[in-house]
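Student: can you look at this prediction? I've put the sequence above it.
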Amino acid sequence: MKNTGTEEKKDIRKQYLGIRKSIPSDVRADADRRITERLLESSLFLEAQSVYCYVSYGHEADTRRILEESLRRGKKTAAPRVLGKRRMEFFFLETTEDLSPGFHSIPEPVTKCEMAPLPGSDALVIMPGTAFDRKGARLGYGGGYYDAYLSRCPECERAAIAYSVQITQLLPREPHDVRPHVIFTEKEMIVCPQEQDFREIR
Ligand SMILES: Nc1nc2c(c(=O)[nH]1)N(C=O)[C@@H](CNc1ccc(C(=O)N[C@@H](CCC(=O)O)C(=O)O)cc1)CN2
Ligand SMILES: Nc1ncnc2c1ncn2[C@@H]1O[C@H](COP(=O)(O)OP(=O)(O)OP(=O)(O)O)[C@@H](O)[C@H]1O
């Protein structure tokens with residue numbers, strides 16, 4: 001990871017990558033199940049016509065069942081592919097077999113997949129992250145991919161999924177950060193204040 005933002009962000013990222021990695025596998029499996037159920041039962045997911053979801057790798061909160069359920073229920077289902085510096089696009093999947101290892105070995109949509117238009121108000125984007133605070137400030141791997149992509153589609157619904165140990169005190173915030181509306185953990189659904197109240201609170 002190079003040029004990944006402020007030193008403070010780098011330290012917090014490193015710390016939380018360690019915390020996430022150290023979750024025992026049985027606890028992780030149980031948390032993945034609970035996070036998935038909470039998300040699948042939410043009106044955000046039930047009402048979404050299309051779902052733009054990351055494909056988990058390493059120790060990220062698992063998205064495999066979310067992708068499968070989304071496809072099974074006939075929602076347009078898209079996954080991200082990195083195309084260049086700070087640039088990614090989403091591509092529609094027909095099945096989870098349309099994924100093959102790409103950027104950093106993350107499963108990405110294969111070339112035959114059709115590029116998805118920017119998500120509109122009937123779309124739900126499911127965001128990854130290494131740490132979050134309760135106001136929705138988010139730390140990724142430091143590539144700036146989600147901030148850049150989501151700044152192009154302010155209309156869509158944004159949900160993050162994460163293990164409860166990834167929720168932290170206030171994170172440093174930059175003007176280009178695009179925050180989720182809600183965060184689902186295995187313990188709760190955190191509703192994040194939106195722009196207006198955010199400024200008042202901080
Ligand atoms: N599953 C998933 N897909 C995603 C993202 C993500 O966060 N998660 N991204 C969100 O922006 C984009 C990819 N961004 C990335 C940026 C940097 C690294 C990276 O440096 N990975 C290292 C270190 C990981 C670690 O220490 O755990 C590696 O794989 O070795 C990976 C992905 C698009 N696709
Ligand atoms: N829209 C932008 N304009 C200018 N610089 C940006 C923009 N978005 C991100 N950056 C820069 O890119 C780098 C990575 O951004 P940031 O730390 O916010 O990524 P991240 O949210 O951790 O990663 P990701 O979105 O890929 O999960 C930082 O140096 C940041 O200042």
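Tutor: That came through fine. On a predicted model such as this, the values are computed, not experimentally measured, just so you know. Numbers count the residues shown, from 1 in each chain. Ligands and ions are numbered 1, 2, ... in the order given.

Student: so for Tyr54, what's the nearest residue that isn't a sequence neighbour?
Tutor: In space, and not counting its chain neighbours, Tyr54 is closest to Pro128: 4.6 Å by Cβ to Cβ, 6 or more residues apart in numbering. Heads up, the C-betas are built off the backbone N, CA and C, glycines and all.

Student: correct me if wrong: the one you found contacts Tyr163.
Tutor: No - when contacts are counted by Cβ atoms under 8 Å, Pro128 is not listed as touching Tyr163 (11.7 Å).

Student: between these two, what contacts are shared?
Tutor: Ala61 (Cβ atoms under 8 Å, 6 or more residues apart in numbering).

Student: phi first, then psi, for Leu40.
Tutor: phi -60, psi -30 (degrees, to the nearest 10).

Student: can you check Glu68 too?
Tutor: Main-chain dihedrals, Glu68, degrees, to the nearest 10: phi -60, psi -40.

Student: where's it relative to Thr95, distance?
Tutor: As judged by Cβ to Cβ, to the nearest Å, Glu68 and Thr95 stand 9 Å apart.

Student: the more surrounded of those two?
Tutor: Applying other Cβ atoms under 10 Å to Glu68 and Thr95 shows that Glu68 carries more neighbours, namely 15 against 10.

Student: any weak-confidence spans in this structure?
Tutor: 1-5, 195-202 (pLDDT under 70).

Student: mind doing that once more with 50?
Tutor: Residue ranges of the chain with pLDDT under 50: 2, 197-202.

Student: look up which residues are beta-bridged to the most centrally placed residue in it.
Tutor: Closest residue to the average C-alpha location of the chain: Met127 at 1.3 Å, with Cα atoms, centre = their mean. Assessed by DSSP bridges, Met127 has beta-bridge partners Ala160.

Student: quick one: it and Ala159 touch, right?
Tutor: Yes - Met127 lies in contact with Ala159 (Cβ under 8 Å); the separation is 7.0 Å.
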